[in-house]
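*Asks:* following is a predicted model, sequence given first.
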Amino acid sequence: MSAARTTRTVLAAALVAGIAATTLAAPALAAPAKPDHAATRQALDAAVADGVPGAVAQARDGHDRWTGTAGERKGNDRYRVGSITKTFTATVLLQLQAEGRIDLDDPVEKWLPGVVRGNGHDGSRITVRQLLNHTSGIYSYTEDPAFQERVFGPGFLEHRYDTWTPRQLVDVAMAHKPDFEPGASWNYSNTNFVLAGMVIEKVTGRPYGKAVENRIIKPLKLRATTVPGTRSVMPEPSSPAYSKLSRDENAPVHEVSDLNPSIAGAAGEIISDSRDLQTFYSALLKGRLLTKEGLNEMTTTVQISPEYPNLTYGLGLMKQKLSCGEEVWGHGGGIHGSTSLAQVTRDGEHSLAGNFNADWTGDTDKVVEAEFCGTVPKK
């Protein structure tokens, strides 16, 4: 994400955090990150200098453990992780496939008859796998102008506690034409993962959040991680989240910590902290949550765009080649007043997770480059 992003498009663009300048950078001559994480500290400080009220990051590298903060942040803060939720959702579906309860190549229509229909959308021609790797062509509900105005603009202050059902979010998308024919291209769509959550509920008979809790949160003992549903209040410890709710860079800043996360659902509602996110992604890449076959499927990626040759997308999981040649796996996420990152090396040994409590400025990719490549942010 860039400083030009706004909360009017936070779930449409900010939730795909990671597509930024570093994916286009030429190989650098920077040395590997040092044990004191000096470059990462400087990246956090640079974010605050750019106007982020507070930043936090935690890293693990073998036996090394490190936590850094800058500005209005605590090292153990919980925060809304936005689209990082997508990796949790995809993991559950891969587990269900391993149990023989679903095939990711099933058409969406098999599990959600009549839901993906209208204006050229056809669930019988779209597979569950295409939902997870964003090749379905389904329009993203967060691109809808009326939805943006109500949820991400000044209308948020009036509607922040509104409840949205998954079907309502999907219906917003169905009022528009598809972006492309299924499988013909790639486009980030939050509707894909709202539908994925609905599929999980249809397969298991319970809300997708219960599957996440029982299959991931409890086994990994992720004590700071919750699937809040419609609960609007942030659990403690946490620092305030801030947004301008406007495209105008001179607009006033609003405190936006409390909101009904049903606007994001299985595409972006989870709350966690840096420690839990590292535990989750490390366990995932080390094969503790999926079979070997399942992890291979998750890490089979498709090209996003020729514009971003160093970034590809698997099943709810991104692969990014950094400027120093290091490859990391994970996801970014954004939601009102919160920009998150979570990355790990393929062996699961070196991980990083963190958050900015703002959505209009700061560059999380600089933190990633600093940690894994030792690149000091330019002033």
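*Replies:* Structure's in. What do you need?
*Asks:* distance check, Pro261 against Val81.
*Replies:* 10 Å (CB to CB, to the nearest Å). (Each C-beta comes from the backbone N, C-alpha and C, glycine too.)
*Asks:* between these two, which one's more packed in?
*Replies:* Val81 (33 against 23; other CB atoms under 10 Å).
*Asks:* isn't the more buried one right up against Ala267?
*Replies:* No. Look at Val81 against Ala267 with CB atoms under 8 Å: they stay out of range, at 11.5 Å.
*Asks:* what sits in contact with each of the two?
*Replies:* Applying CB atoms under 8 Å, 6 or more residues apart in numbering, one finds that no residue jointly contacts Val81 and Ala267.
*Asks:* pLDDT weak spots in this protein?
*Replies:* Flagging of the chain using pLDDT under 70 yields the residue ranges 1-35, 379.
*Asks:* what sits in contact with each of Pro261 and Val81?
*Replies:* 268, 271.
*Asks:* and for Leu104, nearest residue in space, chain neighbours not counted?
*Replies:* Arg129 (4.1 Å; CB to CB, 6 or more residues apart in numbering).
*Asks:* er, Leu195 I mean
*Replies:* Leu131 (5.5 Å).
*Asks:* residue contacts, the one you found?
*Replies:* By CB under 8 Å, 6+ apart, the contact list for Leu131 reads 108, 138, 192-193, 195-196, 199.
*Asks:* coming back round to it: and the helix or strand hosting the residue nearest to Leu104, how far from the chain's centre?
*Replies:* Per DSSP states H and E, Arg129 falls inside helix 128-132. Distance of helix 128-132 from the chain centroid (CA atoms, centre = their mean, to the nearest Å) equals 16 Å.
*Asks:* so after that helix, what's the next helix or strand?
*Replies:* helix 145-151.
*Asks:* look at the residue sitting nearest the centre point of the chain and tell me its secondary structure.
*Replies:* Residue closest to the average C-alpha location in the chain (CA atoms, centre = their mean): Ser83, at 2.1 Å. Put simply, Ser83 is helix when judged by DSSP: H, G, I helix; E, B strand; the rest coil.
*Asks:* before we move on, what about the one 4 residues further on?
*Replies:* Under the three-state scheme (three-state DSSP), the conformation of Thr87 reads as helix.
*Asks:* just confirm the residue nearest to the centre of the chain contacts His331, I think it does.
*Replies:* Yes. Using CB under 8 Å, Ser83 is in contact with His331, at 6.0 Å.
*Asks:* that concludes my questions; thank you for your assistance.
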